[in-house]
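**Q** Sequence and computational prediction follow.
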Amino acid sequence: MSAELAFNRSVDVDYGVAQEVAPGVRRIVANNPGPYTFLGTNTYLVGTGQVAVIDPGPLDEQHLIAIAKAIAGERLTHILITHSHRDHCDGARALQALAGGEIAAFGPTGSARGAGAPGLGYAFVDPAFVPDQTIADGDTVRGPGFALDVLHMPGHAPDHLCFALVGKRTVFTGDHVMGWNTTVIAPPEGNMASFLASLEKLMPRHDKMFLPGHGGRIQTPQRVVKAYIMHRKWREQTILTCLDEGDCTIPRIVARLYGTLDAGLKEAAALSVLAHLEHLISRDLVSAEGAPCLSSAFCPRPS
Ligand SMILES: [Zn+2]
């Protein structure tokens, strides 16, 4: 198994410009590049004449005006939210004020939100986000000329939805599967067991294209999903090896696995290791004293 995944990061981006990425699908990239957002958040416009927006992106006036301009003369029926992270949902109410449309999302989950590190907590998550309409796995959002099946894919966030364009073998994957990097799984917001189960749900679908929340089109979806799953299994195995060899705290595991990382990414790496350890504990393969957290000591269970 290879250590790292290969991604095509050579994506041209022209902020504020609607570009057709598939028949009947336009993309506008928000100008919010960063270590977790790559070149920015992708906003998708689905349909013509009557349009659904998937992820209005951050509260960025220029981006929202660009969306409204791109659909001028058309009717915005739905503003769909993949998950309530600020880079995806913060612009929803402002876009609605500009262009109308019903805001639809999974809605409150009742589970713990945020993640225990600066930059990944409520600065990143909007725990108070409430849509006009809640939608769930198995629902279909329809417009003239398109239908989107709603797929609940928790893991990166408990409320994460993907939207499958019916009859087109195309899925809007949000941050569940991205075109530029592996997805951050940061507890309690992120849950590794749910994430892997959600990846498995994509395997039998035979899609031919994923349109992610960040990065370019994914034209080999099954290969990428398989690679995501392999990558996580490989990570889990290396974490078990660390524990077996006496590196039993998250900082020591992160130092061994990731080498030098800048401070912000180190927090995400530490939380990702915690997510793996939680998953190992849930299967009785590892133990920790008390509730597992970033400062816990972990032990492999004797086999
Ligand atoms: Zn995102």
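**A** Yep, that arrived. Numbering: from 1, shown residues only.
**Q** give me the element the residue lying closest to residue 184 once chain neighbours are set aside is part of.
**A** Setting aside the residues directly before and after it, residue 184 is nearest to residue 268 in space (Cβ to Cβ, 6 or more residues apart in numbering), at 5.1 Å. Glycine gets a C-beta too; all of them are placed from N, C-alpha and C. Per DSSP states H and E: residue 268 is located in helix 263-282.
**Q** for residue 201, same thing?
**A** Counting by DSSP H and E, the element that carries residue 201 is helix 192-202.
**Q** helix or strand right after that helix?
**A** Once the chain leaves helix 192-202, the next helix or strand it forms, by DSSP H and E, is strand 209-212.
**Q** How far does the helix or strand just after that following strand sit from its chain's centre?
**A** Counting by DSSP H and E, the element after strand 209-212 in chain order, helix or strand, is helix 221-244. Relative to the centre of its chain, helix 221-244 is centred 18 Å away, using Cα atoms, centre = their mean, to the nearest Å.
**Q** and for helix 221-244, what are the contacting residues?
**A** With contacts defined as Cβ atoms under 8 Å, 6 or more residues apart in numbering, helix 221-244 is touched by 1-5, 171, 177, 182-183, 192, 195-196, 199-200, 202-203, 205-210, 218, 248, 252-253, 256-257, 272-273, 276-277, 279-280, 285-286, 298-300.
**Q** Show the contacting residues for whatever residue of the stretch 101-250 of the chain ends up closest to the ion.
**A** When Cβ to the ion is the measure, the stretch 101-250 of the chain has its nearest residue to the ion at residue 175, with 4.4 Å between them. Contacts for residue 175 were tallied using Cβ under 8 Å, 6+ apart; they are 82, 83, 85, 88, 156, 157, 160, 183, 184, 212, 213, 214.
**Q** same deal with residue 265?
**A** With contact set as Cβ under 8 Å, 6+ apart, residue 265 has these partners: 35, 258.
**Q** if we can go back for a sec, the residue nearest to residue 184 and the ion: what is the separation?
**A** As judged by Cβ to the ion, to the nearest Å, residue 268 and the ion stand 13 Å apart.
**Q** What about that residue, how many residues nearby?
**A** Summarising burial for residue 268: neighbours were counted as other Cβ atoms under 10 Å, giving 22.
**Q** Please state the backbone phi and psi of the spatially most central residue of the chain?
**A** Centroid-nearest residue in the chain, with Cα atoms, centre = their mean: residue 175, separated by 1.7 Å. The phi and psi values for residue 175, taken as degrees, to the nearest 10, are phi -100, psi 10.
**Q** So what's the predicted local confidence for it?
**A** According to the per-residue confidence, residue 175 scores 96 in pLDDT.
**Q** Same check on the one 3 residues further on?
**A** Predicted confidence (pLDDT) at residue 178: the value is 90.
**Q** for the protein, what are the low-confidence residue spans?
**A** Applying pLDDT under 70 to the chain picks out residues 1-11, 116-123, 303.
**Q** Name the residues of it found near the ion, please.
**A** Residues of the chain lying close to the ion by Cβ under 5 Å from the ion are 87, 175, 213.
**Q** In terms of helices and strands, where is the residue in the stretch 1-150 of the chain that the ion sits nearest to?
**A** Evaluated by Cβ to the ion, the stretch 1-150 of the chain has residue 87 as its residue closest to the ion, separated by 4.5 Å. Using DSSP H and E, residue 87 maps to helix 86-89.
**Q** Check what contacts that helix and list those residues.
**A** Outside helix 86-89, the residues that touch it by Cβ under 8 Å, 6+ apart are 30, 32, 36-37, 41, 55-59, 81-83, 105, 123-126, 129, 174-175, 213.
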